[in-house]
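Engineer: Sequence plus predicted model, see below.
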Amino acid sequence: MGSSIRRTDLLALSNLRNDGRKPGEIRRMRVQLGPASNTASGDAVGGSALVEMGLTVAMATVRGPVACLRRSDELPDRAVVDVSVRAVPFAPTDRRVTNPNTDRRLIEAGHLLKRALEATILLRLYPKSRIEVRVVVLADDGGRLCAAINAASAALIDAGIPMRDVLSACSAGYAGGTTDTTLVDLNRREESPQQGKNAVCLPCAMLPQRGTLVLSQCEARLPDVRTLDRVLEAAMAGCRAVFDVLQAAVRERAAALMGLREGTGTIVDSFAGAKLAA
Amino acid sequence: MATTSAHLVIPGQVIATSSTNHELDNQQDHNEGFLRGHGTFVEHDASKQEDRLVASVCGVVHRVNKLITVVPYCPSLYKGNVGDLVVGRISAVGVSRWTVALHEASKDAGLPLSGVHLPGGAQRMRTSQDSRDMRLFLKEGDLVCAEVHKVQPSDGSLSLHTRSHRFTKLENGILVHVPPALVPRRKNHVVSMINDTIDALWGVNGKIWLQRKMGDDKSQGSGNSNTLTNEGMKDVADLQEKMRKDHAETPVDVQLRRSLARLRNAVECLRMVHALCAPENAEAVYHKSLEMGLANPSEMLFPKHVLLLTEDLRA
């Protein structure tokens, strides 16, 4: 027909990304604390959280500190973190059949998450015990690891497990070529290889109030060290934005539960899966 | 507890700072110092030469003189104290001790063989024969009511002992789970409710056991006095044992089943709105549901009814 301008071209012309965000903008993020915490019967967990980052959804549950399964697993001076990251079969947008038990990328995400959590939780308070963190990726539109970290962090807060800081994670990338900009919180399209080249994607997790970086990982080739600095800086800015969302959700939840006890506020319960106005 | 000026903190938030510069130490105001309480940790900032007290959980800051603690907003963890009445499930039978699961999100407790009353109330050392017969007494999956005897200082694990013959093994009743934070610590955790027709055990670990009133009160009245001889003790032990067995074997009639279910749902209502699950509150909800004319106990759990039933208790 008449115009041959595609939508993506239009976005690129106006300096926007393929989903209409500005380069330094994170996706719409929603955090729900305790979707599975206040359940009626024996399957209760210590804490739980559901995190949505754009179209990526991850849910985490935390149990603990409980006894280790095997005596040989326990450590005499601190707790061990037992992490598993799973994805539901319908999570990815592309139709690829993977076995969630043996998917290497999920196992790797689990290891990274474990490392990040070990740097955050005050493990020395619970010697000879185990803190169990289970993450399920319900929908995957890129930034799976970051969503998993944020969900785990929120669930740990919900469980009341002592932590150094509110662990928050965000990824950043680099659009080379003519644009030469850093992008924050990549979606699947931005993460995936373009024109045969691996896209730069640097997931990063930090303790925002301490200013400590606990995880950063990059597999693609960057043009130079200065670019790495820029990308890292962008990722950290993203983490801070994520932290603001997490913090607001945590405060809201705490205020709501305390309000309930004092007689104001709304009922937040999982039995109807909805908020009821009191 | 008035928490009008409650100060909510999140993990990592700095609560207080104090200088570690020793020259300044002498002139330091007393208000500046702090003691690290639960829910906080101390971080040293070398560049500014100061110690910072940082919250490690999300909750409200409490301060007693210099001691600063953060009370978590919803401690789903159960942390045992000596003397707590708990209701748990036997998860394993070991050599001369049972393992009792108290809460899904905390470590299992140990119930040593020496912590239970022997059948017949005999007072003697436990033999290897007793330890072989442990499964006859309590086996995996049984519910028990016990008291926290000791908290291991090294890792906070609990050791339990049972209190009476009447409430050791729990049978023929209802177990309700609530978050442990909602069960208040009080003087008496074994209460009789609804015109003395129901016995309730309010386990501090968030497990509430409801059952029909056990035995009759007349024979029980003298049983608990301390002036009994050994002979008398043995009789009482036998009597209580018999009462427990009778209770377990007699089916509960329909009328009482309904009122048990109603009480159970009353506790459930309180849990849903995150209100304190005290016996009085549960009883209030129970009576209110009757006033409202909810003939069927299951109607209590309709969301609109939950809100109406707990109206006074939330306010």
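Structural biologist: Now that the structure is in, tell me what you want to look at.

Engineer: How about the spatially most central residue of chain B: what's its closest non-neighbour residue?
Structural biologist: For chain B, the residue nearest the mean C-alpha position is B:V204 (0.9 Å; CA atoms, centre = their mean). Leaving aside its sequence neighbours, B:V204 sits nearest to B:D84 (CB to CB, 6 or more residues apart in numbering or on different chains; 4.2 Å). C-beta here means a position set from N, CA and C on the backbone, and glycine is covered the same way.

Engineer: what's around whatever residue of the stretch 1-150 of chain A ends up closest to chain B, how many residues?
Structural biologist: Nearest residue of the stretch 1-150 of chain A to chain B: A:G46, at 3.5 Å (CB to the nearest CB). Residues near A:G46, counting by other CB atoms under 10 Å in any protein chain shown, number 28.

Engineer: from memory it sits against B:A105, does it?
Structural biologist: Yes - using CB atoms under 8 Å, A:G46 makes contact with B:A105 at a distance of 3.5 Å.

Engineer: any shared contact partners between those two?
Structural biologist: Jointly contacting A:G46 and B:A105 under the rule CB atoms under 8 Å, 6 or more residues apart in numbering or on different chains are A:62-64, A:159, B:76-77.

Engineer: Report the mean per-residue pLDDT for stretch A:141-152.
Structural biologist: Average pLDDT, stretch A:141-152: 94.

Engineer: Using PDB, list the CA coordinates for it.
Structural biologist: Written as PDB, here are the backbone C-alpha positions of stretch A:141-152 (Å, rounded to 0.1, in the frame of the first residue of the first chain):
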ATOM      1  CA  ASP A 141       9.700 -12.200  27.500                       C
ATOM      2  CA  GLY A 142      13.400 -11.700  28.200                       C
ATOM      3  CA  GLY A 143      15.000 -10.700  31.500                       C
ATOM      4  CA  ARG A 144      14.200 -14.000  33.000                       C
ATOM      5  CA  LEU A 145      17.100 -14.100  35.400                       C
ATOM      6  CA  CYS A 146      16.400 -10.500  36.600                       C
ATOM      7  CA  ALA A 147      12.700 -11.300  37.200                       C
ATOM      8  CA  ALA A 148      13.700 -14.400  39.100                       C
ATOM      9  CA  ILE A 149      16.100 -12.500  41.300                       C
ATOM     10  CA  ASN A 150      13.600  -9.800  42.100                       C
ATOM     11  CA  ALA A 151      10.900 -12.300  42.900                       C
ATOM     12  CA  ALA A 152      13.300 -14.200  45.200                       C
END
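
Engineer: in it, what's buried?
Structural biologist: A:141-152 (16 or more other CB atoms under 10 Å in any protein chain shown).

Engineer: Among the residues you listed, name the ones in helices.
Structural biologist: Among these, the members found in helices (DSSP state H) are A:144-152.

Engineer: could I get those as CSV with distance to A:G238?
Structural biologist: As requested, those are arranged in CSV below (distance: CB to CB, whole Å):
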residue, distance to A:G238
A:R144, 15
A:L145, 13
A:C146, 9
A:A147, 13
A:A148, 16
A:I149, 12
A:N150, 11
A:A151, 16
A:A152, 17
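
Engineer: just the strands in the stretch 151-300 of chain B please.
Structural biologist: B:158-161, B:169-170, B:173-177, B:190-193, B:198-202, B:207-212 (DSSP state E, counting those that start in this stretch).

Engineer: Of all the ones you listed, which one comes closest to chain A?
Structural biologist: strand B:173-177 (5.8 Å).

Engineer: hmm, the closest one in reach of chain A?
Structural biologist: Yes - interface with chain A: strand B:173-177 contributes B:H177 (CB under 8 Å from any CB of the partner chain).

Engineer: Direction included, what does that strand pair up with?
Structural biologist: Partners of strand B:173-177 in the sheet, by DSSP bridges, are strand B:207-212 (antiparallel).

Engineer: From B:D246, how far out is the closest residue to B:T250 other than its chain neighbours?
Structural biologist: Spatial nearest neighbour of B:T250, chain neighbours left out: B:N172 (7.7 Å); criterion: CB to CB, 6+ apart. Per CB to CB, to the nearest Å, B:N172 is found 10 Å from B:D246.

Engineer: When those two are compared, which one has more neighbours?
Structural biologist: Shown here are B:N172 and B:D246; by other CB under 10 Å, B:N172 has more neighbours (14 against 11).

Engineer: Under the pLDDT cut-off, which ranges of the stretch 51-200 of chain A? List them.
Structural biologist: Applying pLDDT under 70 to the stretch 51-200 of chain A flags the ranges A:177.

Engineer: where along it do the strands fall?
Structural biologist: A:56-67, A:80-87, A:129-139, A:168-175, A:181-184, A:200-207.

Engineer: What residues are bridge-paired with residue 207?
Structural biologist: With no chain named, the answer covers chain A. A:T212.

Engineer: try chain B instead
Structural biologist: Assigned bridge partners for B:K207, using DSSP bridges, are B:H177.

Engineer: which residues sit in contact with it?
Structural biologist: B:86-88, B:102-103, B:175-177.

Engineer: Tell me which helix or strand B:Q129 sits in.
Structural biologist: helix B:128-132 (DSSP states H and E).

Engineer: That helix packs against which elements?
Structural biologist: Packed against helix B:128-132, as judged by 3 or more CB pairs under 8 Å, 6 or more residues apart in numbering or on different chains; DSSP states H and E, are no other helices or strands.
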